[in-house]
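[1] Got a predicted model here, sequence first, then my questions.
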Amino acid sequence: QKPFHWPTTRMLKEPLYSRLLTPSQPTDDFVKSWLRTSTNRTVKSSAYDGYMKQAELAVAHAFQRPKWAKALAVILLVVLYPFYRFYESRIVFRFTLRIDVFCLSCLIGFLAGQFYSKGKRDEEEKKLLKERSIKLQSNQSIEESSKTKDDSVDFEMNSDDPLAAVDQSSTTTEEEITVTGEETDDDGTTAEENVLLSSPLPAKSEIHSKTCWSRPESSIFRVRGITYLQDRIKIPSGPAPFVCRGVDIWMTDNPERHIARHPAVLGGKLGEQDTFVVNFLLPFCNFVSYFSIPPLDQFPPKLADVWTKFVRGDQQYRDARLKLLPVVVDGPWIVRKAVGPGTSPALLGKVVPLQYYFSAPDKTTGKKGVYEVDVIISASRIAKGILSVVKGHTKSLTIAFAVIIEAAEESELPETALCTFQLHEVHLEHCPQLPPCKLDDRTED
């Protein structure tokens, strides 16, 4: 009986006598048979290599003689041309189209896509505003129900049937909720859609996800490292010491300078804390952000001296140091290309005119300090070009900003973002108009 062996891939490819060694077969005979089969394979492979080498030599010999090469090419064309004609006529689908018709079709397709996407965005916006209005109305109805419950308790003390009084108050509350939840205008829009936002804009939350602001992570902004003057390496910024108090977008055809004088800014609460104000004068609005200023001992290392030099410096010194770094968190490709990758901040004084209105705090009167920087975007042709691109996509844009005071000396490194804020999907039609107010012409520095 022969011994049993599990077959392997190699064993299946080789002859049986070359892989089984029976007890009666001598080892020398087995080795000779194995060598014989390997020699046959070597001979076959060497013969194949010889044939291929001869073919290569024949081709090379033919191409060394131009007449032979031309004749060979003509023969190949004559032989292969009928197959090409058959493939072209029977298999390949061809059609002709005028270039003007093609361009017009592309334009129509582009406009149709834009119209469809705009309709989808408007539907989502209306749905979100309806949900927001329902939540607000439900909160108001809960407050009204609590008031009616208090009134019903008073009525219970003087009624002979207190249970009936409670049931009556609860039914009236339910009727109020159903009625207020269905209040709509003639065009099918809720009252909340027609109400402008107040000052400041709402902070981002579950209720407010559009036309709102938030505080981003400072680490998304890259600033100069401690060895930047030697190796030009930038690092993520540490936490910004100035905390954002709010953001205003005041729609107006004549943007105001020194907006801190206006009583409506920040909901009338500007004077409650020492505040750093950045006022962007855009052609169509005042875009204002407010930041609380902490005591100097709460600043990051080296930033306290940088801030003190900036406050005490003159116009030329401030223009050479103040930088703005925008970072597109989420938005269209064209806005990302216009704004940039978010690694190189813009030195504002070299791009747009700046004005400073600094008023230090007064300990005797208890007046808080207000440090306002006006960035006059409307005076720069380049800045207006970038703004025109961004304005058309604000509804689908999330962008973060960082204000940085440049560390130009090694003793001031590493840099830290002074203040940061972030805007989410701004709908300019929902932003409030700047209330008319006669402001005095006094300036402070």
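    Perfect, I can see it now.
[2] wait, what's in contact with the residue nearest to A338 when sequence neighbours are not counted?
    Excluding the flanking residues, the one nearest A338 by Cβ to Cβ, 6 or more residues apart in numbering is V389, at 4.3 Å. For glycine as for every other residue, the C-beta is placed from the backbone atoms N, C-alpha and C. Shown in contact with V389 (Cβ atoms under 8 Å, 6 or more residues apart in numbering): 334-335, 338.
[3] Give me the subset of the residues you listed lying in strands.
    Using DSSP state E, no member of these falls in strands.
[4] which one of these is nearest G385?
    Relative to G385, the closest of those is A338; by Cβ to Cβ it sits at 8.1 Å.
[5] Local confidence estimate at that closest one?
    What the model reports as pLDDT for A338 is 87.
[6] Now for it: which residues touch it?
    Counting by Cβ under 8 Å, 6+ apart, A338 touches 386, 389-390.
[7] any idea how far E425 lies from P435?
    25 Å (Cβ to Cβ, to the nearest Å).
[8] ok, which stretches of the protein are helices?
    For the chain, the helices defined by DSSP state H occupy 9-13, 27-63, 66-90, 99-158, 162-181, 228-231, 303-312, 315-319, 333-339, 348-351, 381-391.
[9] where among those helices is the average confidence lowest?
    Set side by side, these give their lowest mean pLDDT on helix 162-181, at a mean of 39.
[10] So what sits opposite V375 in the bridge?
    F280, L354 (DSSP bridges).
[11] burial count for it?
    By other Cβ atoms under 10 Å, the residues close to V375 number 24.
[12] what sits against it?
    V375 touches 278-281, 324, 348, 352, 354, counting by Cβ under 8 Å, 6+ apart.
[13] Now compare the residues you listed and name the two farthest from each other.
    L281 and L324 (13.9 Å).
[14] more neighbours, these two?
    Neighbours per residue, other Cβ under 10 Å: of L281 and L324, the larger number sits with L281, 23 against 17.
[15] Give me the phi and psi angles of the nearest residue to that one once chain neighbours are set aside.
    Nearest residue to L281, sequence neighbours excluded (Cβ to Cβ, 6+ apart): P255, at 4.1 Å. The phi and psi values for P255, taken as degrees, to the nearest 10, are phi -60, psi 140.
[16] when you give positions from now on, start the count at 30
    Yep, numbering from 30; the last one is P284 now.
[17] Can you spell out which residues form a bridge with L351?
    Assigned bridge partners for L351, using DSSP bridges, are I434.
[18] Could you point out which residue ranges in the stretch 180-329 of the chain have low pLDDT?
    Within the stretch 180-329 of the chain, the stretches with pLDDT under 70 are 180-225.
[19] where do the strands sit along it?
    For the stretch 180-329 of the chain, applying DSSP state E, counting those that start in this stretch gives strands covering 241-243, 251-253, 263-265, 272-280, 304-311, 314-321.
[20] do you know which of the ones you listed lies nearest L133?
    Judging those by Cβ to Cβ, what sits closest to L133 is strand 304-311, at 36.7 Å.
[21] Quick check: I406 vs T281, distance?
    As judged by Cβ to Cβ, I406 and T281 stand 14 Å apart.
[22] got a list of contacts for stretch 247-258?
    260, 262-269, 354, 356, 358, 371-372, 429, 431, 433, 435-436, 439, 442-446, 449.
[23] Now with 10 Å, please.
    With contacts defined as Cβ atoms under 10 Å, 6 or more residues apart in numbering, stretch 247-258 is touched by 260-270, 331, 352, 354-356, 358, 370-374, 429-431, 433, 435-439, 441-446, 448-449, 451.
[24] Figure out the length between the terminal residues of stretch 247-262.
    Using Cα to Cα, to the nearest Å, the end-to-end distance of stretch 247-262 comes out at 17 Å.
[25] got the buried residues for it?
    Buried residues in stretch 247-262, counted by 16 or more other Cβ atoms under 10 Å: 247, 249-254, 257.
[26] now stretch 262-278
    263, 266-267, 269-278.
[27] Quick check: neighbours shared by I406 and T281?
    Common contact partners of I406 and T281 (Cβ under 10 Å, 6+ apart): 310-312.
[28] Could you measure from G142 over to L126?
    From G142 to L126 the distance is 20 Å (Cβ to Cβ).
[29] Q302 too?
    Between Q302 and L126 the computed distance is 66 Å (Cβ to Cβ).
[30] With neighbour numbers in mind, choose between these two.
    Q302 (18 against 8).
[31] Go ahead and confirm that one touches P324.
    No: using Cβ atoms under 10 Å, Q302 is not in contact with P324, being 11.6 Å away.
[32] any idea which of the contacts of V404 has the most stuff around it?
    So for these (other Cβ under 10 Å), the most neighbours sit at N308, 25 neighbours.
[33] contacting residues for that residue?
    In this structure, N308 makes contact with 277, 279, 284-289, 294, 315-319, 384, 386, 401-405, judged by Cβ under 10 Å, 6+ apart.
[34] mind running it again at 6 Å?
    Residues near N308 by Cβ atoms under 6 Å, 6 or more residues apart in numbering: 288, 317, 403.
[35] Neighbour count added to those, as CSV?
    Shown next, in CSV, are those (neighbours: other Cβ atoms under 10 Å):
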residue, neighbour count
I288, 25
V317, 27
D403, 24
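[36] how about those in CSV, adding distance to L136?
    Converted to CSV, the contacts of N308 look like this (distance: Cβ to Cβ, whole Å):
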residue, distance to L136
I288, 43
V317, 40
D403, 42
